[in-house]
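# The following comprises the amino acid sequence and a computationally predicted model.
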Amino acid sequence: MEKINGGVCAPEGFMASGIIAGIKAGHTDKKDMAMIFSKEPCKAAGTFTSNLVKAAPVKWDKQIVSSDKTVKAVLVNSGVANACTGQKGIDDCDTLSKKVKSVATIDNDEVLICSTGVIGANLPVEIMECGIEKLYSALKDGSDGAEDAANAIMTTDTVNKQVAVKFTAGGKEVKIGGMCKGSGMIHINMCTMLGFLTTDVNITKDLLQEALSDVIKDTFNMVSVDGDTSTNDTVLLLANGMAGNTIIDSKNEDYDAFYAALFEVAKTLSRKIAGDGEGASALFEVKVVNALTHEDAVGLSKSVITSNLTKAAIFGHDANWGRILCAMGYSGVVFDPEKVDIYFESAAGKLKIVEDGVATDYSEDEATKILSEKEVMCIADVKMGNESATAFGCDLTYDYVKINADYRS
């Protein structure tokens, strides 16, 4: 497996675009509509928010993904979430889908739609219909198209988030590309977060969905910024088969290679979301090792990554390990606190601060140095088994409150 450039346009047959349509009032310099387009029909897989309140585009996409229909285009807007908009929200999705089909002369394939932004507002459909015409004419392959699209889906993100890899399956070169957005309203179990993955692999729809659903568990579903699970969370995976490999219809070596590449793409995007959390100054990862079960490791790591007190301590570069052990203790997972070792690790080094539940004679200065890096990891060894899990988050800063205090303005 090798990382390459090109984002969602890296796989054969995919193009993308991003434009300024005028959806974001007062932000006439920001791109706010994107399109991903495949030259050949795609099998589609998806995972969606666990929030009971689901936005119209989530309902729209779930219906398409769960069917046998193929997809050729994804339309994305930022600025308006089209959530809590009733039947009109669904009708607007239908109107926009028909416009894309008309402009792109799509006959038998479907259009997936994703939205992100303010909840409760209706989509400016007429503006977006004009935007669709511009998007289609602006489609490009390669890094330029991917960059435009990745910029257009951003809301409070400070950077666009892209990745692509290539690997070999059935003697053919296969590529997977991805882009996502997410900075706030990010929480475990589809965390506002949108992810778009493209691949030219030839694979059955069932295995495509199974691979995505499984990969999500240890990647996107392990991300938390602020404890709020959005109404719009969606990850879509499109496969157009243009790599020409023998179809993957069983869990063989080719499937394993595809799965490993998909996991790498999803993990990379998940870390990018966590590191760009609203107001964040550092990516904070929590790795639990030697747990009795994988579920235990997941529960413990999630509990720590979502602890506001721990996140605040990371912002202050304070090795306040008591908050970590406390968060583990209320996770609901049974473990022996008097066996736990805790380490902090970053580019500045690795330091054991707790051994068998008691503080070591560590240097506070050294701990502060380690915690002052842009990427910080806490490792908790519970010494009960052989399972591990890693959760992705960020520190909690003053700027998080500032950003969300005036989000709608």
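Looks like it came in fine. It should be emphasised that the depicted structure is a prediction, and the values quoted were computed from it without experimental measurement.
# From now on I want contacts and neighbour counts done on CA atoms only, so please keep to that.
Noted.
# Show me where the stretch 251-400 of the chain has its helices.
Using DSSP state H, counting those that start in this stretch, the helices of the stretch 251-400 of the chain run over 253-275, 294-305, 308-315, 321-329, 364-371, 398-405.
# I'd like the ones you listed as CSV, with mean neighbour count and mean pLDDT appended.
Output for these, formatted as CSV (neighbours: other C-alpha atoms under 10 Å; pLDDT from 0 to 100):
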stretch, mean neighbour count, mean pLDDT
helix 253-275, 22, 95
helix 294-305, 25, 96
helix 308-315, 21, 93
helix 321-329, 19, 96
helix 364-371, 18, 97
helix 398-405, 13, 77
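# Is it possible to get these out as TSV so that each row also shows distance to residue 133?
Listed next are the helices of the stretch 251-400 of the chain as TSV, based on distance: least, C-alpha to C-alpha, whole Å:
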stretch	distance to residue 133
helix 253-275	29
helix 294-305	43
helix 308-315	44
helix 321-329	51
helix 364-371	49
helix 398-405	33
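# who wins for proximity to residue 340 among the ones you listed?
helix 321-329 (8.5 Å; C-alpha to C-alpha).
# packing partners for the closest one?
In terms of contacts (3 or more C-alpha pairs under 8 Å, 6 or more residues apart in numbering; DSSP states H and E), helix 321-329 is packed against helix 294-305, helix 308-315.
# Just put the ones you listed in JSON lines and tack on distance to residue 330.
Shown next, in JSON lines, are the helices and strands packed on helix 321-329 (distance: least, C-alpha to C-alpha, whole Å):
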{"stretch": "helix 294-305", "distance to residue 330": "8"}
{"stretch": "helix 308-315", "distance to residue 330": "13"}
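# Can you tell me which of these is nearest to residue 107?
Here helix 294-305 is closest among those (C-alpha to C-alpha), at 44.3 Å.
# and the closest one, how far out from the chain's middle?
Relative to the chain's own centre, helix 294-305 is displaced by 19 Å; criterion: C-alpha atoms, centre = their mean, to the nearest Å.
# and it with helix 321-329, angle?
Orientation of helix 294-305 against helix 321-329 (axes from the mean of the first three to the mean of the last three C-alpha atoms, to 10 degrees) gives an angle of 140 degrees.
# Just the buried residues of stretch 333-347, please?
Neighbour counts over stretch 333-347 (16 or more other C-alpha atoms under 10 Å) mark 333, 335, 340, 341, 342, 343, 344, 345, 346 as buried.
# My error: substitute stretch 210-222 in the last question.
In stretch 210-222, the ones that count as buried by 16+ other C-alpha under 10 Å are 211, 212, 213, 215, 216, 218, 219, 220, 221, 222.
# Just the pLDDT at the fourth one, thanks.
Spelled out, it's residue 215. The model reports residue 215 with a pLDDT of 96.
# Residue 55 reaches residue 87, doesn't it?
No. Applying C-alpha atoms under 8 Å as the test, residue 55 and residue 87 come out as separate, 10.8 Å apart.
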